[in-house]
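In: Got a predicted structure plus its sequence, pasted below:
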Amino acid sequence: MSIVSYELIDNIGVIRLNYPPVNALSHALRVGVIEAVQQAQDDASEILVLMCEGRTFIAGADIREFGKPAQDPSLPDMLEQLENSGKPIVAAIHGTALGGGFETALACHYRCAVKSAKVGLPEVNLGLLPGAGGTQRTPRLAGAEAALDMITSGSPVSAEKALALNLVDRVVEGDLQEAAIGYARELLEQNAPARRVRDLSAESAEPELFDRYRKQLAKRKRGQIAPQHIVRCVEAAVTLPMDEGLALERKLFLECKASPQSAAMRHMFFAEREAAKVEGLAKDTPTRDINKVAIIGGGTMGGGIAMNFANVGIPVTLVEISDEAIERGLGIIDKNYSITVSKGKLNEDQKQQRMALIQGTTNYADLADMDLVIEAVFENPDLKKEIFKKLDASCKPGAILASNTSYQDIDQIAAATSRPQDVLGMHFFSPANVMKLLEIVRGEHSADDVIQTAMKLAKTIGKVPVLSGNCYGFIGNRMLKPYGSEAQLCLLEGATPAQLDAAMQNFGMAMGPLAVGDLAGLDIGYKAREALTEEQKGDPKTFCIPDALVEMGRLGQKSGAGYYRYDPETRARQPDPEVDELIAAKAAEFGIERRELSDDEIVERLTSALAREGEKILEEGIAQRRSDIDVVYAFGYGFPVYRGGPMFYAQQTAAEG
Ligand code: 3HC
Ligand code: NAI
């Protein structure tokens, strides 16, 4: 079957697109649509329906074409043909009409959608703005504020919401083609004209709307170009004629498309999808059914992990050491759900349903029919081995046994069981109900179907999985060490904590490394170092400051002081001269002459430290591919997506010279 087909059904012309997997608007598709619309102008059709085969309506421009020279006809050329068709065109939407796909629907004269469909303009997530009229047509239908929300968030809306926003005209039930043809017949009976969105005018409710969005986005999407350009375009929809608005949109779209930010975000889009694939494992590798899950340990991590499963309707058994510990764990989960309810993202009934899916126990006999058990007890290797021995004795054959350990050797944990093929690491990130990253750690004996099941399950619970080999700290935490060490050297050489954190935050990190240390507690690293030999600890310059801080009782936020001093009420942080003195004294001890470091030098040294360790991880085969490391850092450690992850960033900066 060709990519675009045209069929006359009585007096209705049906244009069908068939370009799997998501009907992306490739060059061939654009040519095909234009030809079909032209053909339809001269036949017996009185109205046209544009619809897609397969799982979805058009999901956008073909992102794979973006790095290549543009080929005419462009998407705006195609939309002009649709909009100027003498016969009305009805877009019939199922799946997701996204980006250029939704813009195509907006250039048609009427839109109907099945109830399960979603529409949206997610370009901002690729460092772009809608480049084919989305910023001009959306406000003409839905108003400027709704358009700003939709385009700057990039979040799709349901068909019902789109109906309420005037973005679709009808929500239909049953077979899409039948329903769309029925709708087209109704329009014919009403003599409905080829109604063009461009002929409407967009009115803004309040004059300060645009400035408000500019300010909000400067904070929420700090450092990003596209969101600010989107505001300019939507403002133009209100203040300028359509063609001038379109011209501005096109100019700013092309600017975004050529920007390093968009290149980085497009890289991340494909990197995220690649990361889910395991080299050497066929797509049809069997998976095990996961219908019942147990979590051992209901602390900081265990509670969050349990929520992930309850959120998708999978019952969870939470194993703790005592009834009080169960109550404490369930209490924290309850509180977390209540926060979600108070934000309006969940209703009380849904909260109760989810809570009802989580049961506590202290009895391992309750684990006999579990499909998956995830251990999340204290980071103590002997305790973990003891627990895996118990799991081996209690769980049914074929149950998957996972550890959430941050650093321990998965093979040693597996060796405590008689079934190492069923054991792997599932390393969640804190807060586990929020953070998207899930490192799937493959042990020497982990079976293929166990790995495949974990990768698939990650998607079910809304996580982004990355496969890691078994080494100290796996991919992410292993890279933290040289990153943290470089930060310590910068302090000794002359940076202040506030300068260093600000430099990294301005670069785009969610937080600077020293503020992160204060948040997590400096005693954690201190205790971990105590267990190491002098050789394992490495260069004292890389830990003398945090050691001294802990010995001064400065454990971080929880003790009111660490690298900074914290306001006991607001937790606001302030630089502390006592720390500056400590750093100067330590530098003198090591004979380091302090100097002024530029922010650029700090960023360069810290990001290079990450990338250097990343290269080693790659050489050792711990990560499958360079882009997987970028995914780990963007989804687990707050590395700015618009910089593309540490490996991509290092390559970009090296290429720039
Ligand atoms: N271009 C090229 N390939 C695309 C694509 C696109 N727009 N969207 C998805 N794909 C590919 C994916 O890379 C993946 O390929 P793979 O199988 O080789 O890894 C395959 O299609 C399936 O994608 P997913 O694994 O993501 O499938 P899901 O079912 O989970 O999700 C989706 C489907 C919701 C459509 C999701 O793929 C998505 O969000 N796509 C991107 C949508 C988007 O950003 N559109 C805007 C593009 S920019 C634009 O339109 C500019 C315009 O304004 C001018
Ligand atoms: P935590 O101290 O908050 O919770 C541990 C829980 O395990 C406690 O509630 C404790 O009562 C329970 N427990 C101890 N022994 C038990 C046993 N024999 N049976 C059942 N329950 C038992 O610890 P946290 O922070 O949740 O860490 C758990 C694991 O997750 C560790 O291996 C840690 O390295 C890892 N991890 C921690 C992260 C974090 O940021 N906190 C991030 C990623 C992984």
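Out: Great, that's in hand. Residues are numbered from 1 along each chain as shown. Ligands and ions are numbered 1, 2, ... in the order given.
In: all strands in the stretch 501-650 of the chain, in order from the N-terminus.
Out: Applying DSSP state E, counting those that start in this stretch to the stretch 501-650 of the chain gives strands spanning 565-566, 573-574.
In: no no, the stretch 201-350 of the chain
Out: 293-296, 316-319.
In: Would you mind finding the most buried of these?
Out: Neighbour counts (mean count of other CB atoms under 10 Å) averaged over each of these peak at strand 293-296, with a mean of 28. C-beta here means a position set from N, CA and C on the backbone, and glycine is covered the same way.
In: sorry, back to before: how about the strands of the stretch 201-350 of the chain, which one is nearest ligand 1?
Out: The minimum distance between ligand 1 and the strands of the stretch 201-350 of the chain falls on strand 293-296, with 22.8 Å, by CB to the nearest ligand atom.
In: Residue 74 - how many residues pack around it?
Out: 17 (other CB atoms under 10 Å).
In: ok, now how distant is it from residue 55?
Out: 26 Å (CB to CB, to the nearest Å).
In: Tell me the confidence at the residue in the stretch 201-350 of the chain positioned nearest to ligand 1?
Out: Residue nearest to ligand 1 within the stretch 201-350 of the chain (CB to the nearest ligand atom): residue 273, separated by 4.1 Å. On the pLDDT scale, residue 273 is placed at 96.
In: again with residue 204
Out: pLDDT, read off for residue 204, is 74.
In: Can you verify my assumption that it contacts residue 147?
Out: No - counting by CB atoms under 8 Å, residue 147 is not a contact partner of residue 204; they are 9.9 Å apart.
In: Looking at the two, which is more packed in?
Out: residue 147 (29 against 19).
In: Show me the strands in the stretch 1-150 of the chain, by range?
Out: 4-9, 12-17, 47-52, 89-93, 96-98, 110-114, 118-120.
In: quick revisit: any idea which of the strands of the stretch 501-650 of the chain is most buried?
Out: Burial of those is given as mean neighbour count (mean count of other CB under 10 Å); strand 565-566 ranks first at a mean of 18.
In: Please compute how far it lies from its chain's middle.
Out: Taking the mean of its C-alpha atoms, strand 565-566 sits 32 Å from the chain's own mean (CA atoms, centre = their mean, to the nearest Å).
In: need the helices for the stretch 451-600 of the chain, in chain order.
Out: Ranges of helices in the stretch 451-600 of the chain, per DSSP state H, counting those that start in this stretch, are 476-493, 497-507, 513-520, 522-530, 534-537, 544-551, 577-589, 599-619.
In: Tabulate the ones you listed in JSON lines, adding columns for mean neighbour count.
Out: Listed next are the helices of the stretch 451-600 of the chain as JSON lines, based on neighbours: other CB atoms under 10 Å:
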{"stretch": "helix 476-493", "mean neighbour count": "20"}
{"stretch": "helix 497-507", "mean neighbour count": "21"}
{"stretch": "helix 513-520", "mean neighbour count": "22"}
{"stretch": "helix 522-530", "mean neighbour count": "15"}
{"stretch": "helix 534-537", "mean neighbour count": "9"}
{"stretch": "helix 544-551", "mean neighbour count": "19"}
{"stretch": "helix 577-589", "mean neighbour count": "15"}
{"stretch": "helix 599-619", "mean neighbour count": "19"}
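In: what bits of the stretch 51-200 of the chain have low per-residue confidence?
Out: Across the stretch 51-200 of the chain, nothing is flagged by pLDDT under 70.
In: How about it: which residue is closest to ligand 2?
Out: Nearest to ligand 2 in the stretch 51-200 of the chain, going by CB to the nearest ligand atom, is residue 125, at a distance of 26.3 Å.
In: same thing with the chain?
Out: Counting by CB to the nearest ligand atom, the chain gets nearest ligand 2 through residue 299, at 1.8 Å.
In: What are the neighbouring residues in contact with that residue?
Out: Residue 299 makes contacts with 329, 376-377, as judged by CB atoms under 8 Å, 6 or more residues apart in numbering.
In: mind running it again at 10 Å?
Out: 320, 325, 328-329, 332, 376-378 (CB atoms under 10 Å, 6 or more residues apart in numbering).
In: And residue 249, by the same measure?
Out: With CB under 10 Å, 6+ apart, residue 249 has these contacts: 76, 129-136, 229-230, 232-234, 236-237.
In: One more: residue 91?
Out: Per CB under 10 Å, 6+ apart, neighbours of residue 91: 15, 48-52, 57-58, 82, 97, 101-102, 104-113, 119, 168-169, 180.
In: if we go to 6 Å?
Out: 50, 105, 108, 111 (CB atoms under 6 Å, 6 or more residues apart in numbering).
In: And for residue 526?
Out: Residue 526 makes contact with residue 550 under the criterion CB under 6 Å, 6+ apart.
In: Apply 8 Å and report the result again.
Out: 546-547, 550.
In: closest to ligand 1 among these?
Out: residue 546 (41.4 Å).
In: any idea of the pLDDT on the nearest residue to residue 127 once chain neighbours are set aside?
Out: Closest residue to residue 127 apart from its sequence neighbours, by CB to CB, 6 or more residues apart in numbering: residue 262 at 3.3 Å. Among the per-residue scores, residue 262 shows a pLDDT of 97.
In: Give me the number of neighbouring residues for residue 262.
Out: 23.
In: do you know how far it is from residue 151?
Out: 15 Å.
In: Over to residue 510?
Out: In terms of CB to CB, residue 510 sits 24 Å off from residue 151.
In: neighbour count winner among those two?
Out: More crowded of residue 510 and residue 151, by other CB under 10 Å: residue 151, with 26 against 13.
In: what's next to the helix or strand containing the more buried one, contact-wise?
Out: Applying DSSP states H and E as the criterion places residue 151 in helix 144-153. Residues outside helix 144-153 that contact it (CB under 8 Å, 6+ apart): 120-121, 123-124, 129-130, 134-135, 138-139, 142, 157, 165, 202-205, 209-210, 213, 217, 221, 227, 230-231, 234-235, 237-238.
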